[in-house]
Each structure stands twice: as C-alpha cells, then as structure tokens.
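Peer 1: below: sequence and its predicted model.
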Amino acid sequence: MNMKYMNIMSEIKNQIIAGTLKAGDKIPSIRYLSEKYGYSKNTVLKAYEELEKLHVIYSIPKSGYFVVHDSHLSTNTCNQNKIDFLSAGPDKRALPYKDVQHCMNQAIDLYKEELFTYSDEQGLLSLRQELVNHLQNNQVFTAAERVFITSGSQQALNLLVQMPFPNGKSNILIEQPSYFGIVESVQVHDITTFGIDLTMDSIDLDRLENMFRNNDIKFFYVIPRFHNPLGHSYTNEQKKKIVELANKYDVYIVEDDIFGDLDYNHKIDPMFAFDPSGRVIYIKSFSKVMLPGLRIGLTVLPELMIHSFRRFKFSEDLFSPSISQGALEIYLKSGMFNSHIHHIRDMYRRKMELAIAACRDYLLATASFTEPATGFYLSIYLPKTVHSKRLAQSLQQENILVDQADRMFLPEYRKGNLIRLCLSQVDEEQIRPGIEKIAAHIEAISKKQVHFIEEANRLI
C-alpha cells in the first residue's frame, strides 16, 4: 500500500497547527514538494486532494492551493495530540453540512403545512416511497405501507423490545457482545434476555439453533454487516441458515443494517433478502453516514406487525420531525446521498486497511484482533493477564482513548479482555502510531502480570 501521500498530508497539517501556514496562505506547489520528497507529482496531488476533502485546503484554478479560513486544525490545537479511538460518531470533516442545509431550506418551502400540523406517525408518504426505491439498491424489496420512519434506529429497537409479537413469545436473544443501545433497552424494560457468544468472525449455528429451540425467543437481534463492536460480517450462507432456523422455530429476526451503505461488495446481501416469509424486521439509520442530529431511521415490518408498531410509536412521540424527513427525501432524490456515500465508503475502507495493517505489524505477538473489510469498528482480544479497564486507563494517560466494551455485554456475559477501536473520528496518520502505542501498553501490562481478581472468572 502506497502511503507516501500521507507524509505530505502530515507536513501540511503540522505547519498549519504550528502557525507556519496561516488561513489564506498559499501552500507549496506540487512541483516543489515532488522535488523535495522525490515523490511523483501524482502522489503530491493525491495528498492535496485528500486535504481538500477534509476541508483543510482549497484550490483556485491556475493559482494553486490555499489554507481554508476556518480550518479546524488552526482553531483547535488543544486536541492535536489526542488519538481518539473512542468516539463513535461519523467523521465530522466528511459530514455533508452544506448539502443538508440546502435540502432543509428546500424542505421548509415544500412542506410548510406539515411543519406546523400533526403528521402521519408512520412518516411522510413521499419519503417512504423514495426509501422503497433506495432500499431496492440494497436488495431490500418492500412497499411504502411496510416502512416506518423513526427517530433513529434506537427508537425502533426500544419499541420492538416492548411490544408483543405475532409468535406470542416473550424472551429476546442478542449477540454477545452487541450494540450497547439494545443492552440498555432490554435492561430498562426488564425483559428476559439471553446472549449468544460470538467468535472473532462468526457465530455458532448449532448453539443458535439450541437457543431458538429451548428459550421461547420472541426475536433475535443481529448486526450481520460490520458488527458493533467486533466489526465482522456474516457470509450469505450464514444469513440464509439463520433465516431457516428462525422459520423452523417461529423466531423473528431484527436485522440492524446501520453500516450497510459502507459495503462495497455488492455480492453481499442483507439478511432481509433471504426472507420470503416476512420473518425479518429490517432496521436502518442514516445517523452514521449523514448528520446524527437529523435523527432519522427506518424500519421495514411484516404486515402482521404494522398495527401494533403504529400504536406503540404513537404513544411515544406521535410522529418524527417533518423537516428532517423532507430534507432526507430531497437529499435522496437529488443524488447527493449516493455521491456522499461513494466518498465516505472509500474513506472508511482506507482507514480500516491502515488499522489492520498496523495490527498485523504490532499486535500479532501479544493479542488477536478482528479484520473487518470496512466500517467503523474493529476489536482487540487481550491476553488473560491484561484487563480492558486497566489498559484503557493506562492509554488515557497518554491521551489515547479506547472503548473497554464492558457496556456491550449483558451483565452475566461480561468479559474483561476486549477493547473496541472506532476509526471514524481518528485521523489517518494517527492510526498506525496509535495502534503501535496500544501494542506497547498491552505488552507492558502483560509483563507486569497485572490481575484484576474481581474479574478473574470473566476473562476468556
């Protein structure tokens, strides 16, 4: 992998942080840096194009490249040494602020009446119709009548946890570890919940069948693509088998496809695509790929559950904000969404490749790790002598933030040897040195043989 362009990016960023390059200053020419580093002009050009995407510099035709006037690098130097593998929001530098602002302004004009009256609790019909077209590109074929607009995916999960299902069952099954939002929801509502342990890249289907057969499972919550926190994805064959088991034992599946838009492998389908009987409930959020503040998600329901879901949603918030719905509809129809996804898909894939390369170089001797194709997350399994809490505290002293992942387990399944790395808000040039330091801390703690006795029975 050619990473030479990153050296140039680092030099420009460092000069902006140090004040050598100020807002409005012209940066060195492509020819100058090509001669200085001995790199090709295409390599320098790639570095400049990446800096443009990050809104650090801008170009003027026939004049060159210049430092932007509101560069986050020049105005926010206090965090320049922080390596943030903890924050799980999208990369703020890649958010489509101006495009979405334009769409919201248009939405105000188009949906004046809906903004000041009560709207359909199921969501704007025109948006749901547009989402049906959008979903077809992801092999999710449905009708607008089965689509509900929710305030992000978390609202949908919270409603599904509470409401009765057609199978008349009461217990819930979730992967372990899993998205902390589902863990919180089942605990807040005091729902009997079982967990099924995941391996680094898969699930034990025999164990899953046993859980379906013997535990009165209402639904199985699953993140089949770019799992949170592990990052792995199920194969099409595994998805088919899980759907078959769900049909055999009358279990519903709640598929959280929050990162499906980042998948560049068009041969990989969502679990919904293998569900001819209406057994899979499909959930998707736009928070991770657009602006989290829009709070827009969608849920595709079996026809048998539409009435019940509508009642539960109505009791919670009447309807989702019309202006956000209108803005999303315009954003989708205009083609801006597809353009944005193309850009961030490449960006997150590149970050993941850098992280996995660094893990292979620095962690193979001390720990194991997942190797996702893309997405936000990967996880590191620690040696038994290294507890995730101790490691996180040690790294924080060096301004490196990681997630110790304990909140992503049900209490009885909690383990102390897993950390999650989120790559979304970390700079590309920070990934390798950050993982190198993580590896050094793991080795140091391991050699000291630090044990946490109260957690000893939970280490794996």
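Peer 2: Everything's here; your move.
Peer 1: and the nearest residue to Leu125 once chain neighbours are set aside, how many neighbours?
Peer 2: With CB to CB, 6 or more residues apart in numbering as the criterion, Leu125 has its nearest non-adjacent residue at 6.4 Å, and that residue is Ala144. (C-beta placed from N, C-alpha, C; glycine too.) Each residue near Ala144 was counted by other CB atoms under 10 Å, and the total is 16.
Peer 1: residues contacting Ala144?
Peer 2: Shown in contact with Ala144 (CB atoms under 8 Å, 6 or more residues apart in numbering): Leu125, Arg128, Gln129, Leu131, Val132.
Peer 1: secondary structure element for the last one?
Peer 2: Right, the one you point to is Val132. helix 125-136 (DSSP states H and E).
Peer 1: where in this protein is pLDDT low?
Peer 2: 1-2, 69-80, 114-118, 318, 449-460 (pLDDT under 70).
Peer 1: quick check, central residue of it?
Peer 2: The residue at the geometric middle of the chain, judged as the C-alpha nearest the mean C-alpha position with CA atoms, centre = their mean, is Phe376 (4.8 Å).
Peer 1: packing partners of the helix holding Val132?
Peer 2: Contact partners of helix 125-136 among helices and strands, from 3 or more CB pairs under 8 Å, 6 or more residues apart in numbering; DSSP states H and E: strand 147-150, helix 322-333.
Peer 1: repeat that with 10 Å
Peer 2: Counting contacts by 3 or more CB pairs under 10 Å, 6 or more residues apart in numbering; DSSP states H and E, helix 125-136 packs against strand 147-150, strand 280-285, strand 297-300, helix 322-333.
Peer 1: pull the CA coordinates from it and hand them back as PDB.
Peer 2: Extracted C-alpha coordinates of helix 125-136, given in PDB (Å, rounded to 0.1, in the frame of the first residue of the first chain):
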ATOM      1  CA  LEU A 125     -45.600   9.100   2.400                       C
ATOM      2  CA  SER A 126     -43.400  10.700  -0.300                       C
ATOM      3  CA  LEU A 127     -40.300   9.900   1.800                       C
ATOM      4  CA  ARG A 128     -41.400   6.300   2.400                       C
ATOM      5  CA  GLN A 129     -41.900   5.900  -1.400                       C
ATOM      6  CA  GLU A 130     -38.500   7.300  -2.100                       C
ATOM      7  CA  LEU A 131     -37.000   5.000   0.600                       C
ATOM      8  CA  VAL A 132     -38.600   2.000  -1.200                       C
ATOM      9  CA  ASN A 133     -36.600   2.900  -4.300                       C
ATOM     10  CA  HIS A 134     -33.500   3.500  -2.200                       C
ATOM     11  CA  LEU A 135     -33.800   0.100  -0.500                       C
ATOM     12  CA  GLN A 136     -34.100  -1.800  -3.700                       C
END
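Peer 1: tell me the gap between that helix and the middle of its chain.
Peer 2: Centre-to-centre, helix 125-136 and its host chain are 22 Å apart (CA atoms, centre = their mean, to the nearest Å).
Peer 1: restricting to C-alpha, output stretch 262-269 in PDB.
Peer 2: Extracted in PDB, the C-alpha atoms of stretch 262-269 (Å, rounded to 0.1, in the frame of the first residue of the first chain):
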ATOM      1  CA  LEU A 262     -20.500   1.300   3.500                       C
ATOM      2  CA  ASP A 263     -20.300  -2.200   2.000                       C
ATOM      3  CA  TYR A 264     -18.500  -2.100  -1.300                       C
ATOM      4  CA  ASN A 265     -19.000  -5.800  -2.000                       C
ATOM      5  CA  HIS A 266     -22.300  -5.800  -4.000                       C
ATOM      6  CA  LYS A 267     -22.500  -9.600  -3.800                       C
ATOM      7  CA  ILE A 268     -23.200  -9.400   0.000                       C
ATOM      8  CA  ASP A 269     -26.900  -9.000   0.800                       C
END
